[in-house]
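Engineer: Coordinates for the following, if possible.
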Amino acid sequence: MTRVSLLDRLGLHRKELRAWAMYDWANSAMVTTIVTAVFPIYFSAVAGADLGTAQATYRLAVATTIALAIIAVLSPILGTLADQAGIKKRLLGGFLLIGVVAVGLMFFIERGEWLYAAVLFVVANIAVNGSFVFYDSFLPHIASREEMDRVSTAGYALGYVGGGILLALNLAWIQKPEWFGLPHGPDLTPAQQTLPTRLAFLAVAVWWLLFSIPLFRDVPEPGGSRGGRISVMDAFRTLRETFRHLGRYRQAVIMLVAFLIYNDGIGTIIRMATIYGTELGIGRGALIASIMIVQFVGIPFAFLFGAFAKWIGNKRAVMVGLVVYGIISIFGYFMRTGTHFLILALMVGMVQGGTQALSRSLFASLIPRQQSAEFFGFFAVVEKFAGIFGPALFAQVIALTGSSRGAILSVIAFFVVGGVLLHFVDVEQGQRAAREAEAALSA
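Structural biologist: Numbering: from 1, shown residues only. The predicted structure is shown next:
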């Protein structure tokens, strides 16, 4: 009887798989601290302090919408260029460096500088989401079809660990600066009061850069389809051809449309939860505790979702996650107290990583490997446009009503419609079409 190691069970049994998954560990610090937890509160309380909480929420939502719209337009072009020239790692590295610089510059944000803060937030969001196009596109090159669910969920789980560890450290010196020899007590200057939070931004920049190194060192660069030549015009021609032949990958297209809709709901909850809780008057302690719950509950549940998918099938596991998200939306509408917010965080932690990881690996199984960056460019477009609608809805509801509570309930529609479309994805047929395309492209 063959003994299966723990690393094999987790999907991390080869060096390149571990190195690839470490980028989730690296970038999740940015997503957790900047997108989800610390920066939204800092934007509302410091950078946008003179705006009022509803206006601060509105302007952060607008900044999010702008960033995702820009990367949605760029993603398919960049993905096609990466496939042609074999420069996935170079393009990922470029976006990484832009993001690291933008996050590092957040250290200099002071009270009332909401525009400066919003611009850096836009640039950092473009950078991290742009890097995901190339990061995700490595998956079908380094993992077999049987390994992809495990490897993808392992990446998300490591992301929860990495993002959670740095967030815990950041929150420790924000809440207890005296433990770290930082300024504390009464009579502090405004710069001294915000120093721990601004140091958290610097820590994210260093963490993101440092833990990205294994990917560049140990993950091989797939060869380009055009022998290393880079041509924007060729990229546009290839995109046109891809659109023309999309019918060949019908199941992948249905999956993309379903993902566009249901991931809008997921992204809205991720991006707006903390600032929404702040607007409702949820205490900072409950907000911090809820963020930590999502991070550390997400670790085992990301792996459990991978095992769950192996038992009932990838698509069905995602459907279960969408049902739970519908319940979360209803509960979020009626939420009133810090305890309610903690319960909500527990539920999100149970399904967030697994649902997104399985969506990524399901899509990867429906596309030919030779066009992975190109197709993950489309995947990124769908993902970013999904992220646009939710924050834009929040901004519109706030503009009309002065409150964001009503927008929470509308998110249910995204999970229902997306789930119905996902139901019609024929996974076996889609995987057959992708393998046939791989054989034809290799001939």
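Engineer: Mind pulling up the pLDDT for the residue lying closest to Ser44 once chain neighbours are set aside?
Structural biologist: Spatial nearest neighbour of Ser44, excluding adjacent residues (CB to CB, 6 or more residues apart in numbering): Ala56 at 4.2 Å. All C-beta atoms are positioned from the backbone trio N, CA, C, and that covers glycine. Ala56 is assigned 85 on the pLDDT scale.
Engineer: ok now do Ala56, which residues does it touch?
Structural biologist: Phe43, Ser44, Ala47, Gly48, Trp114, Ile275 (CB atoms under 8 Å, 6 or more residues apart in numbering).
Engineer: Tell me which two in these are the farthest apart.
Structural biologist: Trp114 and Ile275 (13.1 Å; CB to CB).
Engineer: Where does pLDDT dip in the stretch 1-150 of the chain?
Structural biologist: Counting by pLDDT under 70, the stretch 1-150 of the chain has low-confidence residues at 1-4, 6, 83-85.
Engineer: Now for Arg150, how many residues are close by?
Structural biologist: 24 (other CB atoms under 10 Å).
Engineer: Going toward the C-terminus from the strand or helix carrying it, what's the next helix or strand?
Structural biologist: Arg150 belongs to helix 148-175 when assigned by DSSP states H and E. Later in the chain than helix 148-175, the nearest helix or strand by DSSP H and E is helix 190-210.
Engineer: and the longest helix for the protein?
Structural biologist: The residue-count maximum for a helix in the chain (DSSP state H) belongs to helix 53-85.
Engineer: Do I have it right that Ile70 meets Val123?
Structural biologist: No: the pair Ile70 / Val123 is not scored as a contact, 9.6 Å apart, by CB atoms under 8 Å.
Engineer: Spit out the residues that contact Trp114 and Ile275 alike.
Structural biologist: Between them, Trp114 and Ile275 share these contacting residues under CB under 8 Å, 6+ apart: Phe43, Ala56.
Engineer: Please put the alpha-carbon coordinates of stretch 91-109 into CSV.
Structural biologist: What follows is stretch 91-109, C-alpha atoms only, in CSV (Å, rounded to 0.1, in the frame of the first residue of the first chain):
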residue,chain,number,x,y,z
LEU,A,91,4.9,40.9,-16.3
LEU,A,92,4.0,39.5,-12.9
GLY,A,93,7.2,41.0,-11.5
GLY,A,94,6.4,44.4,-13.0
PHE,A,95,2.9,44.6,-11.5
LEU,A,96,4.4,43.3,-8.2
LEU,A,97,6.9,46.2,-8.0
ILE,A,98,4.3,48.8,-8.9
GLY,A,99,2.1,47.5,-6.1
VAL,A,100,4.9,47.3,-3.5
VAL,A,101,5.8,50.9,-4.2
ALA,A,102,2.2,52.1,-4.0
VAL,A,103,1.6,50.3,-0.7
GLY,A,104,4.9,51.6,0.7
LEU,A,105,3.9,55.2,-0.2
MET,A,106,0.7,54.8,1.9
PHE,A,107,3.0,55.4,4.9
PHE,A,108,2.9,59.1,4.1
ILE,A,109,-0.9,59.5,4.0
